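> sequence and predicted structure are below.
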Amino acid sequence: MKTKDLVKLSFYLSLFFVLDVVSNSFNLFRMPQGGVLGLGVIALMIAAYDMGWKKGLLVSLVSIILQNFVNPLYVVAFPQLFLDYIFAFGVYGLAPLFGPVWLGVVIVNVARFISHVLSGVLYFEAGWFASMSYNAFYMVPTLIVSLLIIPILIYRLRLKK
């Protein structure tokens, strides 16, 4: 990996960390058993659009380690770890693969939502409606904020070629 890529990777991870700290510092859209308005995912998607999906996936997966410093990960089983963290955040690195920016933002946020809903049903014994309601409380605002900010940043930073 080139030095420029390592610097960008570090930058995006630092930005993710700061935005995650901000998200977790306020009780806006915070759920009692975990889940919060995800400002940090903005950095993950911008990294993916800037550096490509492979390096974006790397940034997204490394961000899981940083999340543990902000708010300890809650893990009951490996498949739940996969659904709630590895897949749920790794998918953000794949956003550029889905065509227009707005579509990539929608698809990766919906994929994360589905992943959390499955985890709620399978590992936290919530019913489908309860799991969907719980996760929608913070995922819908995350999707809206992402849809508003990501396309503007990509245009202003001239990342889309």
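Okay, I see it.
> how about the residue positioned nearest the centre of the chain, what does it touch?
The centroid of the chain falls nearest to residue 41 when counting by Cα atoms, centre = their mean (3.9 Å). By Cβ atoms under 8 Å, 6 or more residues apart in numbering, the residues touching residue 41 are 89, 92, 109, 142, 146. To be clear about C-beta, it is placed using only N, CA and C from the backbone, and glycine gets the same treatment.
> let me know the secondary structure of it.
The local conformation at residue 41, judged by DSSP: H, G, I helix; E, B strand; the rest coil, is helix.
> which ones among the contacts of residue 41 lie within strands?
Nothing among the contacts of residue 41 maps onto strands, per DSSP state E.
> pLDDT at the residue nearest to the centre of the chain, what is it?
pLDDT recorded at residue 41 is 96.
> cool, residue 32 as well?
Predicted confidence (pLDDT) for residue 32: 65.
> can you check residue 81 too?
pLDDT, read off for residue 81, is 96.
> off-centre distance for the helix or strand where it lies?
Following DSSP states H and E, the helix or strand that holds residue 81 is helix 78-81. Computed by Cα atoms, centre = their mean, to the nearest Å, the chain-centroid distance of helix 78-81 equals 17 Å.
> for that helix, buried residues please.
80, 81 (16 or more other Cβ atoms under 10 Å).
> who are the packing partners of it?
Here helix 78-81 touches helix 101-123, going by 3 or more Cβ pairs under 8 Å, 6 or more residues apart in numbering; DSSP states H and E.
> packing partners of whichever helix in the chain runs longest?
Longest helix of the chain, by residue count under DSSP state H: helix 128-157. Here helix 128-157 touches helix 40-51, helix 101-123, going by 3+ Cβ pairs under 8 Å, 6+ apart.
> turn the ones you listed into JSON lines, including distance to residue 7.
Output for the helices and strands packed on helix 128-157, formatted as JSON lines (distance: least, Cβ to Cβ, whole Å):
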{"stretch": "helix 40-51", "distance to residue 7": "11"}
{"stretch": "helix 101-123", "distance to residue 7": "24"}
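> single out the most deeply packed of those.
The highest mean neighbour count among those, using mean count of other Cβ atoms under 10 Å, belongs to helix 40-51: a mean of 25.
> now the angle between helix 128-157 and that helix, please.
Between helix 40-51 and helix 128-157, the angle comes out at 50 degrees (axes from the mean of the first three to the mean of the last three Cα atoms, to 10 degrees).
> cool, thanks, talk later.
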